[in-house]
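# model this:
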Amino acid sequence: MPSVAENLCILIADDNASDRLLLTTIVRRQGHRVLSVSNGQEAVEVFEKERPQLVLMDAMMPVMDGFEAARRIKQMAGETLVPIIFLTSLSESEALVRCLDAGGDDFVAKPYNQVILAAKISAMDRLRRLHETVLQQRDQITKHHGYLLNEQRVAKAVFDQVAHSGCLSAPNIRYLQSPYALFNGDLLLAAYTPAGNMHVLLGDFTGHGLPAAVGAMPLAEVFYGMTAKGYGLAETLREMNAKLKRILPVDMFCCATLLSVNFNVHQVEVWNGGLPNGYLHHVATGERTPLVSRHLPLGVLEPGRFDDKTEVHPLSLGDRIFLLSDGVLDTSDSDEQLFGTERLHAVFAANRQPDSLIDEIRTALNNFRGDVRDDVSMVEITLIDAELLGPPVVTYSDSGESSPLDWSASFEYRAATLKRFNPLPYLLQLLLEVHGLRSQSGALYSVLAELYTNALEHGVLGLDSRLKRDASGFAHYYRERNARLDGLEDGYVRLHLQVVPHECGGRLLIRVEDSGAGFDVNRVTAVPYAAHQLSGRGLDLIRKLSQHCHWSEDGRTASVEFTWGAQA
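Modelled structure (predicted):
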């Protein structure tokens, strides 16, 4: 800033006319505009009207002294710095104390020294301009901060729509997410597969806030898209890891637990990479099985080194799966002691109302008087009767408006492919591009699975479903299946798909053919299905879920039909 004050408007308040004239002359010679008054009351009135930039104030004046006038002027000035230099004949120490108490910024002792007065005016002007710069910068920062917050709110609204578009509102899910910042770096997703299984992902990105959430949207897109198309945990995990490895900086990754709850066979499949142990609570015994982290987080390893191996645990109705992020365990008190696993297990042991477990953990964290350093997330999934969930609503990552309506495709899967490739997710992905079929995705997946399984196991491999007459036979059946599949050298399964427009909707025709010896269609279809049997369910399911079905006379070709209307 310049060392000489710019031209200012200066208010001079002095009850002595000669002193006032002397000051006015000195100040004007310095190039400033002068307003002069004879007492404190006039000084307050002129300041309110003219808003001068600096005030020379006599301490002792009639009507209102300079100290009271200074306090009122400072109050009217608000955030604006209006320097007040007191003119006083008091002793230096006493003058300094009284001037500062009244809001003064400096003082000049009488008689006036022209050089000192000019220097003080220049110094106060530099201080005034510095204060103006600080206020401007503060306002700019506040405005910029407002822009950033608004951008984050918009981004968060979009993020929440993507992240929470699944089935977190299902009656068997309870959860708590407490963000450390506006954005939660923890990610909680849940969605149904076409077969009615429930996939749940709890993820924790490194850091918190917006930087930690940047990977959440692509991860959610992969999760919802692949779950809706019927892919299993292994395929979904590989795709999520590959995407995060490709797009995230090297110092960012996502600790995650991904699980699949199968309500039909009562089991849960789990993969834990870097999150704290989850827990499977067996209600009948009271035992808790830890779901241990056995893998590196998503986005760390190259796709070729990624381990997608999962663990499967049996479930009973009422059993609960509890997952948490490390923000729970890493909450610290004033002595830097962590909440830790021992306190968490103490809450587990004291819990008497399973539905209130998450609330009790939150209460324990509050009582711990913890300093939350990270996002806190907890989720509990209960195995309940599938009928209580209602029909699963599958979440798709696209609108389905660009729907192909008149096409056909044929596939032939031969021995080398049959050994290692499951075509069902691929076929379902293709069919669910047809918007009208999406409302029937569960039935479509079940029928496709039964048709393909029958063609492979009974047609190509020649297995007899009557082996599955009891539990031991069921196990023997699948041992034999794996052995025959490993030794398979020829054979095929052919699938033909045809979609045609029909009135205001459409029709899907599926034909599945295999290279097997076939079967006696009339004999097999004439036998009624019994619910207690371990075999024979497939044909009955196909008949119930499709609008039309039939088999060729030799039993080697099955044809089914699905239709949909304009509102499908």
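# CA atoms for contacts and neighbours, from now on please.
Will do.
# all helices for the stretch 351-500 of the chain, in order.
Secondary structure of the stretch 351-500 of the chain (DSSP state H, counting those that start in this stretch): helices located at 357-367, 386-389, 415-420, 424-431, 441-453, 471-486.
# Export the ones you listed as JSON lines, with columns for mean pLDDT.
Formatted as JSON lines, those follow (pLDDT from 0 to 100):
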{"stretch": "helix 357-367", "mean pLDDT": "91"}
{"stretch": "helix 386-389", "mean pLDDT": "84"}
{"stretch": "helix 415-420", "mean pLDDT": "91"}
{"stretch": "helix 424-431", "mean pLDDT": "85"}
{"stretch": "helix 441-453", "mean pLDDT": "89"}
{"stretch": "helix 471-486", "mean pLDDT": "85"}
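# Buried deepest among those helices, which one?
Most buried of the helices of the stretch 351-500 of the chain, by mean neighbour count (mean count of other C-alpha atoms under 10 Å): helix 441-453, with a mean of 21.
# name the helices or strands packed onto that helix?
helix 424-431, helix 537-545 (3 or more C-alpha pairs under 8 Å, 6 or more residues apart in numbering; DSSP states H and E).
# Out of those helices, the one nearest Thr363 is which?
Among these, the nearest to Thr363 by C-alpha to C-alpha is helix 424-431 (43.5 Å).
# domain assignment for this structure?
Following automatic domain parsing, one gets these domains for the chain: 9-135, 164-389, 407-564.
# and the end-to-end length of the first one?
In other words, domain 9-135. Start to finish, the residues bounding domain 9-135 are 20 Å apart (C-alpha to C-alpha, to the nearest Å).
# What of the last one?
End-to-end distance for domain 407-564: 16 Å, by C-alpha to C-alpha.
# Out of the helices of the stretch 351-500 of the chain, flag the one nearest Asp106.
Comparing these against Asp106 with C-alpha to C-alpha, the closest turns out to be helix 357-367 (50.9 Å).
# pull the helix or strand with minimum mean pLDDT from the protein.
helix 210-213 (a mean of 68; mean pLDDT, DSSP states H and E).
# Show the average pLDDT along the following helix or strand past that one.
For helix 210-213, the succeeding helix or strand toward the C-terminus, using DSSP states H and E, is helix 216-228. Across helix 216-228, pLDDT averages out at 88.
# now helix 216-228 against helix 424-431, angle please.
Interaxial angle, helix 216-228 versus helix 424-431 (axes from the mean of the first three to the mean of the last three C-alpha atoms, to 10 degrees): 100 degrees.
# ok, Asn264 - contacts?
For Asn264, the contacting residues are Ala386, by C-alpha atoms under 8 Å, 6 or more residues apart in numbering.
# Let me have the domains of the chain in a markdown table, extended by distance to His144.
Shown next, in a markdown table, are those (distance: least, C-alpha to C-alpha, whole Å):
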| stretch | distance to His144 |
| --- | --- |
| domain 9-135 | 14 |
| domain 164-389 | 16 |
| domain 407-564 | 44 |
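# those helices in the stretch 51-200 of the chain, which residues are they?
Going by DSSP H, counting those that start in this stretch, the stretch 51-200 of the chain shows helices at 66-77, 92-101, 114-163.
# which helices and strands does the longest one pack with?
Right, the one you point to is helix 114-163. Counting by 3+ C-alpha pairs under 8 Å, 6+ apart, helix 114-163 packs on strand 186-192, helix 216-228.
# centre of the chain versus that helix, how much separation?
Counting by C-alpha atoms, centre = their mean, to the nearest Å, helix 114-163 is centred 31 Å from the centre of its parent chain.
# Between helix 216-228 and that helix, find me the angle.
0 degrees.
# and the residue nearest the centre of the chain, what are its bridge partners?
Closest residue to the average C-alpha location of the chain: Leu187 at 4.2 Å, with C-alpha atoms, centre = their mean. Note on Leu187: beta-bridge partners by DSSP bridges are Gly203.
# Shouldn't Ala43 be within a helix?
Yes. Using DSSP: H, G, I helix; E, B strand; the rest coil, the assignment for Ala43 is a helix.
# what's near enough to touch it?
Taking C-alpha under 8 Å, 6+ apart as the test, what Ala43 contacts is Leu11, Ile12, Ala13, Val37, Ala69.
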